[in-house]
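Participant: next input, structure requested:
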Amino acid sequence: MNAHVDIQNASSEPVPEEPDLCRWINAALAHSQVSDTAELCLRLVDEEEMTALNSGYRGKAGATNVLSFPADLPPELDLPLLGDIVICAPVVAREAIAQGKPPAAHWAHMVVHGCLHLLGYDHIDEDDAAVMEVLETTILAQLGLPCPYTDYNHHPDKEPVAQ
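Facilitator: Residues are numbered from 1 along each chain as shown. Alright, predicted model coming up:
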């Protein structure tokens with residue numbers, strides 16, 4: 001899998017290198033039926049932008065770690081566009097420290113998590129959450145990374161992080 005990824009870094013915080021971000025995206029997409037021509041946008045933002053997005057699209061206050069916006073295209077267009085993922089760099093950095101995780105492992109989890117949302121996975125109910133968690137854990141293990149839920153018992157984008 002070698003998706004076309006448009007990476008937009010609008011964050012003033014340190015973020016992973018582009019090759020790592022692409023590797024994590026391609027690992028997630030390899031577990032799907034999307035074509036090699038799949039396209040998505042990954043936008044890395046600071047808290048102000050994420051707060052506005054979280055409020056505008058989810059009606060939630062504060063910045064969250066990751067939001068996904070699957071493309072909602074009519075089937076007759078037959079375009080390989082998957083959608084957009086937005087990740088808040090300062091929130092991910094704080095969470096990694098609070099959870100005692102290596103920053104790269106937490107970043108990889110957020111990228112994989114966002115990709116799975118673009119592919120239609122969700123964690124609204126327990127059964128769907130279990131499926132998504134197993135898939136995330138499998139993908140991260142294939143990348144040589146630990147299970148993200150070992151010491152973290154809630155979903156990464158369920159609750160906004162307080163500022």
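
Participant: wait, Thr64 touches Glu47, no?
Facilitator: No: counting by CB atoms under 8 Å, Thr64 sits too far from Glu47 to count as a contact (9.8 Å). From N, CA and C alone the C-beta is placed, and that goes for glycine too.

Participant: neighbour-wise, which of the two wins?
Facilitator: Thr64 (23 against 20; other CB atoms under 10 Å).

Participant: picking that back up, which neighbours do Thr64 and Glu47 share?
Facilitator: 88, 91 (CB atoms under 8 Å, 6 or more residues apart in numbering).

Participant: element containing Pro146, please.
Facilitator: According to DSSP states H and E, Pro146 maps onto no helix or strand at all.

Participant: OK, contacts around it?
Facilitator: Pro146 neighbours (CB under 8 Å, 6+ apart): 105, 140.

Participant: mind doing that once more with 7 Å?
Facilitator: Ala105 (CB atoms under 7 Å, 6 or more residues apart in numbering).

Participant: quick check on it: phi, psi?
Facilitator: When quoted as degrees, to the nearest 10, the phi and psi of Pro146 stand at phi -70, psi 170.

Participant: any weak-confidence spans in this structure?
Facilitator: 1, 35, 151-163 (pLDDT under 70).

Participant: same thing but at 80, please
Facilitator: Judged by pLDDT under 80, the chain has its weakly predicted residues at 1-2, 34-36, 150-163.
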